[in-house]
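Student: here is a sequence together with a model predicted from it:
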Amino acid sequence: SSVITTEDVHLYYGETEALHGINLNFEKNEITALIGPSGCGKSTYLRCLNRMNDLIPNTTVTGSLKLNGQDIYSPNTDVVNLRKRVGMLFQQPNPFPLSVYENVVYGLRLEGVKDKQRLDERVETTLKQAAIWDEVKDSLHKSALAFSGGQQQRICVARVLAVEPDIILMDEPTSALDPISSAKIEDTLAAIRSDYTIIIVTHNMQQASRISDKTAFLLNGNLIEFDNTEKMFMRP
Ligand code: ADP
Ligand code: ADP
């Protein structure tokens, strides 16, 4: 069954309707690319899935949105827990002004994990998955802010992976990065794709066709097409 199901999602910024009834499901261990021109509603839709739109005043979301069968917008939803289950990566890397190590273990510490060996192990595993271990292993106690943007983004990838979320939202995660960091993040996606469920917003059609299983195409707040990426990009 799907990790996330959404039916007839409408979103209003005040009186303005930015999403006009989106129906999309996301299956376990698949990467879905969300594409479409600037302003079509990609970020808005992503921010419905972890209720980041709650932070924007006067915003209304209607429709059915479920994570593992549980209503995301139920009054009983623990939003802090929801945002842990639904990890997010942004266009601009946003590490905390803490050491590399403390960035990665941040969520685990919130969960109350104290076992140093377990924390150390998780730091090494996720930084390796994020293809940044070799660059930071001798500076784990240095501030994450001391690294380049591309390195910071990979530290943020490790921070997201550390809590093993049910789904990871990525909003143009490579568009602000140098080509090498961008390629490393794509390598990471290829390596973790069988263990995670990922939705990635991208303006880069080649990236979408390289890394995604499915592609959803939005236009003016409507879902225009949703299909296997190979079919949509008509690869031989
Ligand atoms: P990007 O293309 O990088 O996502 P946007 O221009 O879409 O950048 O959005 C940048 C920020 O401005 C976001 O936080 C978004 O919510 C906000 N924003 C975008 N459009 C509007 C708008 N019409 N009114 C108010 N805030 C907006
Ligand atoms: P995309 O991510 O596809 O570039 P967005 O989701 O950022 O598109 O924006 C969808 C529409 O909603 C745009 O018309 C944008 O101007 C508007 N919008 C985005 N954020 C806000 C906001 N905070 N307040 C009002 N309008 C917004």
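Tutor: Perfect, I can see it now. Ligands and ions are numbered 1, 2, ... in the order given.

Student: and N25, what does it touch?
Tutor: With contacts taken as C-beta atoms under 8 Å, 6 or more residues apart in numbering, N25 has the following neighbours: 2, 4-6. The C-beta positions use only the backbone N, C-alpha and C, and glycine is treated the same way.

Student: and the pLDDT at the closest residue to ligand 1 within the chain?
Tutor: Going by C-beta to the nearest ligand atom, ligand 1 is nearest to S43 of the chain, at 4.7 Å. With respect to pLDDT, S43 scores 97.

Student: grab the nearest non-local neighbour of it.
Tutor: In this structure, S43 finds its nearest non-sequential neighbour in D171, 5.6 Å apart by C-beta to C-beta, 6 or more residues apart in numbering.

Student: returning to what we had before: cross the contacts of N25 against strands and list the overlap.
Tutor: In strands, judged by DSSP state E, the following of the contacts of N25 are found: 4-6.

Student: next, format these as JSON lines and append neighbour count and pLDDT.
Tutor: What follows is the ones in strands among the contacts of N25, written out as JSON lines (neighbours: other C-beta atoms under 10 Å; pLDDT from 0 to 100):
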{"residue": "I4", "neighbour count": "22", "pLDDT": "98"}
{"residue": "T5", "neighbour count": "17", "pLDDT": "98"}
{"residue": "T6", "neighbour count": "22", "pLDDT": "98"}
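
Student: phi, psi for T215 please.
Tutor: Phi and psi for T215, reported as degrees, to the nearest 10, are phi -130, psi 130.

Student: just to revisit the earlier point, just the pLDDT for the residue nearest to S43.
Tutor: Confidence per residue is given as pLDDT, and for D171 that number is 97.

Student: isn't L140 right up against S99?
Tutor: Yes: shown here, L140 and S99 form a contact pair, counting by C-beta atoms under 8 Å, at 6.6 Å.

Student: list the contacts of Y13.
Tutor: Contacts here follow C-beta under 8 Å, 6+ apart; on that basis Y13 touches 56, 58-59.

Student: what strand or helix carries the residue of the chain closest to ligand 1?
Tutor: helix 42-49 (DSSP states H and E).

Student: other SSEs contacting that helix?
Tutor: Based on contacts counted as 3 or more C-beta pairs under 8 Å, 6 or more residues apart in numbering; DSSP states H and E, the elements that helix 42-49 packs against are strand 4-13, strand 16-26, strand 31-35, strand 59-67, strand 167-171, strand 198-201.

Student: which one of the contacts of Y13 is nearest to I180?
Tutor: I56 (34.4 Å; C-beta to C-beta).
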